[in-house]
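Novice: Predicted model and sequence follow; I will ask about them next.
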Amino acid sequence: TGVVPFVALLLLQRRPAAGRTLLVTGSGCPGHGLCRSNVLEQTRRQVALLNATAQDLFSLYLKCQGEPFSSETDKLCNPASVDFPAFHVNRTSDRKDIMVAMYRLFAFLNASLGNITLDQEELNPTAKELLDRLHNTTKTTRGLISNLTCLLCKNYNIFQVDVSYGQSSKDKSAFKKKQQGCQVLRKYVQVIAQAARVLLPHLSPS
């Protein structure tokens, strides 16, 4: 876990180490220049897109890993061990609390997708469709983090949030790398559906 400034997090592209901390160097929000005029609508579209494509990404991932992942999905891809950030908000929660929870969730997810993509580039370098989808999902997630950054700064003057990155797969075996990716993506399918239900009603102009 670490306190991560928004801009630094958006620049974090390499494989993250669990618990890596980046320190704040600025005195506050970098201004409203981060915000686009259609930030709420863009954020809505990004959340909806991630929700709509999550299951297909998971299914394609399974297909590309081969056996035994396709036939023993429930056993090998059980996401119980995946330490996603706690998500205790609902539609009636305070809007600021929802935005902070969403930021933590998507920061974790962005780092996890980076790990999975690096592993698949090594393990399945010819799986073009999977790699393209992983890259596109990561790009969408990064854009969503940018928009949440803007909304938190502009509306609540929040410019740093405690986030966690989860486990690195760098030193794991090929099988364990595939399994960790499988577990994370299965959990992602579950969590993004919940996140969409909670967040989308709050992404309308105040």
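Specialist: All right, it came through fine. Residues are numbered from 1 along each chain as shown.
Novice: for the one helix or strand residue 176 maps to, packing partners?
Specialist: Using DSSP states H and E, residue 176 maps to helix 174-199. For helix 174-199, the packing partners by 3 or more Cβ pairs under 8 Å, 6 or more residues apart in numbering; DSSP states H and E come out as helix 39-65, helix 73-76, helix 95-123. Using the backbone N, CA and C atoms, a C-beta is placed for each residue, glycine as well.
Novice: For residue 77, which residues are in contact?
Specialist: With contact taken as Cβ atoms under 8 Å, 6 or more residues apart in numbering, residue 77 is in contact with 62, 69, 179, 182-183, 185-186.
Novice: Where neighbours are concerned, which of those residues has the most?
Specialist: Using other Cβ atoms under 10 Å as the neighbour test, the contacts of residue 77 are led by residue 185, with 25 neighbours.
Novice: Give me the nearest residue to that one, chain neighbours excluded.
Specialist: Leaving aside its chain neighbours, residue 185 sits nearest to residue 58 (4.5 Å; criterion: Cβ to Cβ, 6 or more residues apart in numbering).
Novice: now the one you found: how far from residue 119?
Specialist: Separation of residue 58 from residue 119 (Cβ to Cβ, to the nearest Å): 15 Å.
Novice: again with residue 198
Specialist: For residue 198 relative to residue 119 (Cβ to Cβ), the value is 30 Å.
Novice: where does residue 83 land in three-state SS?
Specialist: coil (DSSP: H, G, I helix; E, B strand; the rest coil).
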